[in-house]
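1. with the sequence up front, the predicted model follows.
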Amino acid sequence: MRHVGFTLQLDLEHDGTMRWYSNIGLPPIMTDEAIHFVDLDLDFVAEQLNEWRLVDEEEFEINQVRFGYPDALISYVWQTVDEVRHRMQHRQFPFDGSFERRLIEFTQQETPHFR
């Protein structure tokens with residue numbers, strides 16, 4: 001069984017607001033044709049930095065039954081949720097602000113994409 005992991009992303013909405021997401025899922029697998037990622041429904045979302053909330057718990061509960069998630073996978077998911085919460089509470093990478101600082105540095109560089 002592959003362990004469960006998480007990703008961090010920052011979305012810039014059309015109205016200029018930013019939303020942070022931490023997605024719980026299986027680690028990606030790369031083949032010759034594609035990158036495959038299994039999303040396990042649970043996400044942490046923050047509309048203000050460091051104000052995270054867990055969402056889609058009902059969807060995870062439904063899909064446990066629908067897709068027959070093994071007990072070990074369900075256990076890994078909740079361990080990962082606990083790990084992510086711990087990292088958020090203790091401001092550990094990637095929830096330590098380094099992502100945002102690097103993004104600001106990147107946008108201030110003169111590149112073909114940002115001038």
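-> Received the coordinates, thanks.
2. Three-state assignment for Gln48, please.
-> coil (DSSP: H, G, I helix; E, B strand; the rest coil).
3. that one: how many residues sit nearby?
-> By other C-beta atoms under 10 Å, the residues close to Gln48 number 10. C-beta coordinates here come from the backbone N, C-alpha and C atoms, glycine included.
4. next: the one 3 residues further on.
-> Neighbouring residues of Glu51 were enumerated by other C-beta under 10 Å; the total is 10.
5. can you check my assumption that it lies in a helix?
-> No: going by three-state DSSP, the assignment for Glu51 is coil, not a helix.
6. what's the helix or strand for Asn63?
-> helix 57-66 (DSSP states H and E).
7. put the alpha carbons of that helix into CSV.
-> Output of helix 57-66 as CSV, limited to C-alpha atoms (Å, rounded to 0.1, in the frame of the first residue of the first chain):
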residue,chain,number,x,y,z
GLU,A,57,-15.3,15.0,5.1
GLU,A,58,-18.7,13.8,3.9
GLU,A,59,-17.4,13.1,0.4
PHE,A,60,-14.5,11.1,1.9
GLU,A,61,-17.0,9.0,4.0
ILE,A,62,-19.2,8.3,1.0
ASN,A,63,-16.2,7.3,-1.2
GLN,A,64,-14.9,5.0,1.5
VAL,A,65,-17.9,2.9,0.8
ARG,A,66,-18.3,3.5,-2.9
